[in-house]
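Participant: Predicted structure and sequence below. I'll ask about it afterward.
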Amino acid sequence: MSDVSDSVRHYRRPGWFTRNVMNRSVALFTRLGVSVWGSRVLEVRGRSSGEIRRTPVNLLALDGRQYLVSPRGHGQWVRNVRAADGELALVLGRRRTAFRAVELTGAERIPVLRAYLERWKAEVGVFFDGAGPESSDEELARIAPRHPVFVLSPL
């Protein structure tokens, strides 16, 4: 697991509007094959139920690699990816791609968080405690334990 502290428990649960309107709308468009700013539907096996769980995520491409970042913290999809040994799929329209996710730790998260915030700060910036793409490496390192980052490799 990543850094062990209260940061591991950090999670900002989405409100009713986000869960029931925004996430469902983005997921619908993504399932129809329309990516909204890099959106995909993440499919991962639930750690308790064993059932496939789906949630919209933003797929970040950086320096030839693909990443998932959890802006809200250590939520359900993050816990499920960890429990599934990183096995997941990303869906866009009819295309379903299987990946192995490896969680990044320490300073290797900093450039990914910076790029993620450059792309999606308007959408998710509120979850990063005032940090943004212009923040120093030290500031990004301070908030990094609260925002899991996974690098993806195709299976």
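Facilitator: In hand now; what should we look at?

Participant: Run me through the strand neighbours of the helix or strand Leu60 falls within, direction for each.
Facilitator: Applying DSSP states H and E as the criterion places Leu60 in strand 52-62. As defined by DSSP bridges, the strand partners of strand 52-62 come to strand 39-45 (antiparallel), strand 65-69 (antiparallel).

Participant: Turn these into CSV, including mean neighbour count and distance to Phe128.
Facilitator: Every residue, glycine included, has its C-beta placed from N, CA and C. Formatted as CSV, the strands paired with strand 52-62 follow (neighbours: other CB atoms under 10 Å; distance: least, CB to CB, whole Å):
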stretch, mean neighbour count, distance to Phe128
strand 39-45, 21, 19
strand 65-69, 20, 10
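
Participant: Dump these into CSV; add mean pLDDT and distance to Pro154 as well.
Facilitator: Below are these laid out as CSV (pLDDT from 0 to 100; distance: least, CB to CB, whole Å):
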stretch, mean pLDDT, distance to Pro154
strand 39-45, 95, 14
strand 65-69, 98, 9
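
Participant: just so I know, which of those lies nearest Ala101?
Facilitator: Nearest to Ala101 among the strands paired with strand 52-62 is strand 65-69 (6.6 Å), distances taken as CB to CB.

Participant: need the next SSE after that closest one, C-terminal direction.
Facilitator: From strand 65-69, the next helix or strand downstream (DSSP H and E) is helix 76-83.

Participant: following that following helix, which helix or strand comes up?
Facilitator: That would be, after helix 76-83 and using DSSP H and E, strand 87-92.

Participant: and the angle from that next one to helix 76-83?
Facilitator: 140 degrees (axes from the mean of the first three to the mean of the last three CA atoms, to 10 degrees).

Participant: picking up where we left off before, let me have the strands paired with strand 52-62 in CSV, adding distance to Gly130 as columns.
Facilitator: Compiled in CSV, the strands paired with strand 52-62 are given as follows (distance: least, CB to CB, whole Å):
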stretch, distance to Gly130
strand 39-45, 25
strand 65-69, 17
